[in-house]
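Engineer: Here is my input; please provide its structure:
(chains A and B, ligands or ions: 2)
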Amino acid sequence: MDSVQHVGGDPLVIDNLYFSYGQLTIFENLNITVQPGEFLSIIGPSGCGKTTLLNLLSGFLEPDSGSVLLRGTPLKPEDPHFGYVFQHATLFPWLSTIENVEFGLKMAGELSPSEMREKAMHYLAMVGLKGFEDYLPLKLSGGMQQRVSLARALTLEPRLLLMDEPFGALDAITRDDMNDELLVLWEELGQTVVFITHDIDEAIYLSDRIIVLNRPPHGIYKDFKSEIPRPRSGQETRTCDLFWEYKKDLRNDIEEVAKSAVVA
Amino acid sequence: MSSVQDERLPVKQKNFQFSWSWFSIPSLLLFWILAVYFMDAFVFENRVIPQVWEVVAEFWEMVKTPTDAHDTYYTAGGEEPKKYWWTLGSLGAHIWQSFKEVVIGFVGAFIVALFLGFMAGFSKGFREYITPLNGVFMSIPAIAWAPLLILMFEKFTAIVLVVYIAAVSPMIIAIMEGVLTIKGQEVRAARALGAKPKQLFFYVYLPASLPFITAGLRIGFSQAWRALVAAEMVGGIGVGLGHLVAMSDELGSNAAMMLGIVFIGLLSYIFERLVFRRIEKRYEVWRLH
Ligand SMILES: Nc1ncnc2c1ncn2[C@@H]1O[C@H](COP(=O)(O)OP(=O)(O)OP(=O)(O)O)[C@@H](O)[C@H]1O
Ligand SMILES: [Mg+2]
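Structural biologist: Ligands and ions are numbered 1, 2, ... in the order given. Below you'll find the model as predicted:
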């Protein structure tokens, strides 16, 4: 549970990556290096290949050529070094909340039942759901479900957290709350995060670095580091000058990307 | 906080809640009694359908009558057959016979269906292969095979095989459909949490398909039971509820025939309601979503 270890990990390197679905080319010579402990957001229009990119990172898809390497080896879905939070909370409906959170630990089979329970409770409490451990997922609201799936990904203490529009289905207020919680967790645990979103505010609020993806197969449209200081908090961060500046720029970028698609 | 929780807890049902279903069986019995009176008075010289109390008397009569074969079964070491009230005498012998036949045929069918159903769910090729076969066996009532099977096997075996044939195809289909509805998302989530193929089977595919397996059990059993009764009527082995119904007219006991009918329904109800329905209910909560 030593968070410094995560920060001191290795970069995730996407090198000269090519990928296509049959005729449809999604990436041509994509290169991204994600620094350990970095919070990277990826935004871009619908269909630009964000989910595809996460699937390539996690090993659910294989690149046509090029590589995605963490510590010199490609990631496999079963790899416990990363956690994946899907766009919709894909909880197992037949398991209670706490059993869902324990799932990864149970698969790893390294801890005793009481140790698993203890660890799962720790992360469930971290996402603010203490007291809900015996609920079936169906009895939880959408936001609660998404928090459970976050806790479920965190129990394995992954060095790398992949998140695919995890809060896309939530209302604005819940989403802001979740963003704050996520930042607190991230500051505590220090993993590398690759965060996909449609939402410009969310990306600016959370990230160290933001990548705007262009229409396929053009890859990266823009890649910049945020200068907004940390720790970030609510209104203060959301109303600072830099925030507004980034927001204006990103809005323009995304409009440009959208326009280029119409021309093409 | 606590009010939020309470609201989300399952609503506890009141134990005694009025239901019109309370009247269903009593009204049927009343109709039976009145209809028999009416027929006695106006229609038949010799009444066909016995009165309710005659059936009850017959029940008592059969329970009191031991059958050697049956009661010896419960007696250690072949001494004089003793009477045990709970073996229900000769009625018990019929029930026990039917029970054996249906359980052997049905359990066999379930094991095979579990295996083939999962294979068909996982493999498209096998699914394509087995679908027409299921179609064939589903469109021929299992009882149609009985005469052939009786020529080939002992009667007991033939009846068990009819039960098996009736139950296996619907269960294969139910289990296959269950496996097919498992969401790829759940499998992906499990893999991302480190589940290896064997673990995927036991921790995702199996629990996710349990509601369908139990639904399959229920469908399969109702088919098995119907086929059993029909097969016993055709391939009379001398004992069994179907045999009781089919052969009682030769013995001139319409009350025994009626008793057989009642117990066929009763046993099916007990299995269906008290066993399968209960298992199925456990999964209903999340199955709908
Ligand atoms: N399994 C697939 N087979 C073929 N084409 C696919 C497949 N999955 C995605 N695509 C195509 O690849 C492109 C990128 O899809 P992807 O899901 O990565 O987009 P996205 O950026 O995640 O979009 P959104 O923001 O809407 O989730 C789309 O044009 C889509 O039609
Ligand atoms: Mg997507």
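
Engineer: going forward, measure contacts and count neighbours with C-alpha atoms only.
Structural biologist: OK.

Engineer: quick one, helices of the stretch 151-289 of chain B?
Structural biologist: For the stretch 151-289 of chain B, helices defined by DSSP state H, counting those that start in this stretch occupy the ranges B:155-181, B:184-192, B:197-200, B:206-234, B:241-251, B:254-269, B:277-287.

Engineer: which of the ones you listed sits most buried?
Structural biologist: Among the helices of the stretch 151-289 of chain B, judged by mean count of other CA atoms under 10 Å in any protein chain shown, the one packed with the most neighbours on average is helix B:155-181 (a mean of 26).

Engineer: Retrieve the pLDDT associated with B:Phe118.
Structural biologist: At B:Phe118 the predicted local confidence, pLDDT, stands at 93.

Engineer: Could you pull out the buried residues of the helix or strand hosting it?
Structural biologist: Take DSSP states H and E as the rule and B:Phe118 turns out to sit in helix B:89-122. Burial within helix B:89-122, assessed by neighbour count using 16 or more other CA atoms under 10 Å in any protein chain shown, is assigned to B:89-99, B:101-110, B:112-114, B:116-121.

Engineer: relative to helix B:155-181, how tilted is it?
Structural biologist: What separates the directions of helix B:89-122 and helix B:155-181 is an angle of 40 degrees, with axes from the mean of the first three to the mean of the last three CA atoms, to 10 degrees.

Engineer: by contact count, what packs against helix B:89-122?
Structural biologist: Helix B:89-122 makes packing contacts with helix B:52-64, helix B:68-73, helix B:124-139, helix B:155-181, helix B:206-234, helix B:241-251 when contacts are defined by 3 or more CA pairs under 8 Å, 6 or more residues apart in numbering or on different chains; DSSP states H and E.

Engineer: how far away is the residue of the stretch 101-250 of chain B at minimum distance from ligand 1 from A:Val85?
Structural biologist: With distances taken as CA to the nearest ligand atom, the stretch 101-250 of chain B approaches ligand 1 most closely at B:Gly184, which sits 12.1 Å away. When distances are taken as CA to CA, to the nearest Å, B:Gly184 and A:Val85 turn out to be 15 Å apart.

Engineer: any weak-confidence spans in chain B?
Structural biologist: Counting by pLDDT under 70, chain B contains low-confidence residues at B:1-15, B:44-47, B:66-87, B:236, B:249-252, B:284-289.

Engineer: what residue is smack in the middle of it?
Structural biologist: B:Phe221 (3.8 Å; CA atoms, centre = their mean).

Engineer: For chain A, which residues are neighbours of chain B?
Structural biologist: Listed as neighbours of chain B in chain A under the rule CA under 8 Å from any CA of the partner chain: A:77-80, A:82-84, A:86, A:90-94, A:103-104, A:107-108, A:138-139, A:153, A:156.

Engineer: related to what we said a few turns ago, a markdown table for the helices and strands packed on helix B:89-122, including distance to ligand 1?
Structural biologist: What follows is the helices and strands packed on helix B:89-122, written out as a markdown table (distance: least, CA to the nearest ligand atom, whole Å):
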| stretch | distance to ligand 1 |
| --- | --- |
| helix B:52-64 | 66 |
| helix B:68-73 | 63 |
| helix B:124-139 | 18 |
| helix B:155-181 | 18 |
| helix B:206-234 | 23 |
| helix B:241-251 | 55 |
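
Engineer: Throw these into TSV and include distance to A:Leu183, thanks.
Structural biologist: Putting these into TSV (distance: least, CA to CA, whole Å) gives the following:
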stretch	distance to A:Leu183
helix B:52-64	75
helix B:68-73	73
helix B:124-139	45
helix B:155-181	36
helix B:206-234	34
helix B:241-251	70
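
Engineer: Turn those helices into JSON lines, columns for distance to chain A.
Structural biologist: Shown next, in JSON lines, are the helices and strands packed on helix B:89-122 (distance: least, CA to the nearest CA, whole Å):
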{"stretch": "helix B:52-64", "distance to chain A": "45"}
{"stretch": "helix B:68-73", "distance to chain A": "44"}
{"stretch": "helix B:124-139", "distance to chain A": "21"}
{"stretch": "helix B:155-181", "distance to chain A": "14"}
{"stretch": "helix B:206-234", "distance to chain A": "7"}
{"stretch": "helix B:241-251", "distance to chain A": "40"}
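
Engineer: secondary structure element for the residue in the stretch 1-150 of chain A that chain B sits nearest to?
Structural biologist: Closest approach between the stretch 1-150 of chain A and chain B, counting by CA to the nearest CA: A:Glu78, at 4.0 Å. When secondary structure is defined using DSSP H and E, no element contains A:Glu78, which sits outside every helix and strand.

Engineer: before we move on, what about A:His88?
Structural biologist: With DSSP H and E as the criterion, A:His88 is inside neither a helix nor a strand.

Engineer: Ligand 1 versus that one, what's the distance?
Structural biologist: Counting by CA to the nearest ligand atom, to the nearest Å, the gap from A:His88 to ligand 1 is 11 Å.

Engineer: Contact partners for that residue?
Structural biologist: Shown here is A:His88, whose contacts under the criterion CA atoms under 8 Å, 6 or more residues apart in numbering or on different chains are A:146, A:166, A:169.

Engineer: Tell me the backbone dihedrals of it, please.
Structural biologist: phi -110, psi 140 (degrees, to the nearest 10).
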